[in-house]
Each structure stands twice: as C-alpha cells, then as structure tokens.
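>>> Give me a 3D structure for the following:
(one chain, ligands or ions: 1)
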Amino acid sequence: MQTEREFVWQQRLCVTYSTLANRMSGNPGQTERPVDNFGNSNILLKASFNPALNLRAPTPFPRKLRFVRKFFIAGNWKMNLLRDSSVALVHQLMDQLHDSQDVDVAVCPPSVYLHDVGAAIRGSRLQLGAQNVYHAPDGAFTGEVSCTMLKDLGCSYVILGHSERRAIFGETDRDVNVKLLAVLNAGLTPIVCVGETLAQREAGQTQSVVRDQTTHSLAGLTAEQMATTVIAYEPVWAIGTGKTATPSQAEEVHADIRQLLGTLFGHAVAQKVVIQYGGSVKADNANELLSQPNIDGALVGGASLKAESFLPIVQAAMKIKK
Ligand code: 13P
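Numbering: from 1, shown residues only. All right, here's what the predicted structure looks like:
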C-alpha cells in the first residue's frame, strides 16, 4: 500500500519530529521517544518555526503529515445495482482511473456480483471488497459466505460491522471481532466500521461510544495486524441522510481514534492505520473532509453508485495528494 516515496517521507518525518520533540522537552539524546500521532502535530509545527529552539524546518517541509498514509476511497454499494449496471459502472470507473496511483480505490458490490465485477476489473487499478463475511472456514452455515470464498473471487477487502449490520442484523462488537480475526488470518484487509447514533451524539457520548466500539471490535489483534486494518468512522446520523459531519467534527473523532490506537497498539502502529470517513460523502464535501490531517479516505455509499458522483471524490483525494 505504501510507495517508495512515501516510505522515504515516513523515515524522514519520524527522525525529524522525534528530534524536534526531544529538543523541546530537553531530551536531545532520546530519539526513540514517541512524539506525535498526527493529530497532535501543531506543537511540532510551531516548534519548527521557533527561533529560540534554533531548529531548521525540515526541507522540504510536508504540507500534510498524512503523507505517510495512502488515501483509500471505497464504494459501498450496499444492496444496489444489478449485474449489468454493476459491470457497466466499473468499466466507467476504470476508464478514468489511470493516473490514480497515489490513491487506493475499491468497490464493494453485493456478494452475488463479486464474481462478475471481479472479472471485469481484473488487472486494473480498482480493487474488490465484500460487504460482510462469516467467520467459519466452511460448513453448515446456510446463506453465509467464508473468507476463503471471498479470496477465491479476488476480494482484497471486507467491510465489517457496518452500522446497518449492527442495527438491522444485530451484529455486536464481539461478532465484528470474531469476523475480524478470521479476515486477517485469511490475508484479507478488513474495513472496521464504528460510529455513534444521533441520540448518542446529542447525549455527549460520541467519544465513549466510538472508543468502546473500537476497543472491543479490535480486541486480541497483534500490532502487526492492526497496522493493516482499516477503520471507517461512520456517524450513523450522517449515513444516507445528506447530513455530513463537518470536517472538524469528523477530524475530532478521527484524531481521538488514532490516539486510542496509539494507547492500545503503540504510536508507530497508530500512525500507519488508515481511517476513512463515511456518511454522505459527496463531490462537494470530499475536498474539505479529506484535507483533515487524520482523515485518510472515504467509505462512500450513495455517491459510489454512479461514476459521475464517485470519480470526483477519488479526484479530490488525488489533488490533495499531489
Ligand atoms: P452514504 O454515503 O450513502 O451516506 O453511506 C455511507 C455508508 O454507509 C458507507 O458505508
């Protein structure tokens, strides 16, 4: 997922920011000290311009610390489109995605169309994701689909714990956790969804709800597994409603999730985790949302069903990246 250029950036940033922070804290020798979770970079940016510290700003200074993570835009088609319209849509997307190397892009069609869509996009920049999975490897589980089957169809990603699965199908954090471990063991990349309802937000519970869901859904993961897991923050009240979280509302939660990941899995891992935002993402709000330091992509519902509404979101990410 990481290009060579991004890797070089990452190394450079780690050294530079460790040095900056350690000089600020009067600890110049201790370069290993964790300093920044990308949500708390302002102090370091300020430090680099503070003449009293006699520091030269890193050259070239990055516009965004997020450069160490690659943008990831995924379309969650939910239970929409039929076979012909699914295949037609990915052909339209592929026609326009030639120079999107700096952004990962995936489509997640209904499971019955994974085969046709997978065949249509094979060898292209588009990647395939599923919307759900069952944790068992095989057996008498009528109506379910296993990780091995999804791999067999060419899937790279699996969405887990989407709020619709939690609310309509009664999935719990424990269910999500069991599926998550199966997905990781199968070598697929999970997209774990978390987010509060409107009532929870209005009751001031956003942070505790999101932290609880995140902690319990991710229980038992190794640091290495965490680094490859994608999180999608999707406030339930913003899904399919046309009501988007403001960039600062979304950023606040994303930064808090990253802070939590730092506590649970270590700072270096937290820096690597891609955290998508989902909930009424559209062409006209994508740029502002994706410009936030801790928003690394989007999980798009309604706007992913048409090339003309999905492509501008990918293009917004490409522009920020350049
Ligand atoms: P909308 O973009 O339609 O609000 O859906 C978001 C979503 O649920 C993606 O998983």
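>>> can we go C-alpha only for contacts and neighbour counts from here?
Noted.
>>> What's the end-to-end length of stretch 95-113?
End-to-end distance for stretch 95-113, by Cα to Cα, to the nearest Å: 20 Å.
>>> Show me where the stretch 151-300 of the chain has its strands.
Defined through DSSP state E, counting those that start in this stretch, the strands belonging to the stretch 151-300 of the chain, from first to last, are 157-160, 189-194, 230-233, 275-278, 297-300.
>>> Could I get those in JSON lines, plus columns for mean pLDDT and mean neighbour count?
Supplementary listing: those in JSON lines, determined by pLDDT from 0 to 100; neighbours: other Cα atoms under 10 Å:
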{"stretch": "strand 157-160", "mean pLDDT": "98", "mean neighbour count": "26"}
{"stretch": "strand 189-194", "mean pLDDT": "98", "mean neighbour count": "26"}
{"stretch": "strand 230-233", "mean pLDDT": "98", "mean neighbour count": "26"}
{"stretch": "strand 275-278", "mean pLDDT": "98", "mean neighbour count": "29"}
{"stretch": "strand 297-300", "mean pLDDT": "98", "mean neighbour count": "28"}
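>>> a markdown table for those strands, including distance to I320?
As requested, the strands of the stretch 151-300 of the chain are exported to a markdown table (distance: least, Cα to Cα, whole Å):
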| stretch | distance to I320 |
| --- | --- |
| strand 157-160 | 24 |
| strand 189-194 | 22 |
| strand 230-233 | 20 |
| strand 275-278 | 15 |
| strand 297-300 | 11 |
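>>> Would you mind saying which of the ones you listed lies nearest D84?
Checking the strands of the stretch 151-300 of the chain against D84 by Cα to Cα gives strand 297-300 as the closest, at 20.8 Å.
>>> That closest one pairs with which strands, parallel or anti?
Using DSSP bridges, the neighbouring strands of strand 297-300 in the sheet come out as strand 71-76 (parallel), strand 275-278 (parallel).
>>> Not counting its own residues, what contacts the first one?
The one in question is strand 71-76. Residues from elsewhere that reach strand 71-76 (Cα atoms under 8 Å, 6 or more residues apart in numbering): 102-109, 131, 274, 276, 296-301, 303-305, 310, 313-314, 317, 321.
>>> Output the set of residues of the stretch 151-300 of the chain in proximity to the ligand.
For the stretch 151-300 of the chain, the contact set with the ligand under Cα under 6 Å from any ligand atom comprises 238-240, 278-281, 299-300.
>>> number of nearby residues for Q131?
21 (other Cα atoms under 10 Å).
>>> likewise A186?
Under the neighbour criterion other Cα under 10 Å, A186 is assigned a count of 15.
>>> Next one: the residue of the stretch 1-150 of the chain found nearest the ligand from V281, what distance?
For the stretch 1-150 of the chain, the nearest residue to the ligand under the criterion Cα to the nearest ligand atom is N76, separated by 5.2 Å. Relative to V281, N76 is positioned 12 Å away (criterion: Cα to Cα).
>>> Between the two, which is the more surrounded one?
Between N76 and V281, counted using other Cα under 10 Å, V281 has the larger neighbour count: 28 against 24.
>>> Brilliant, that's me finished.
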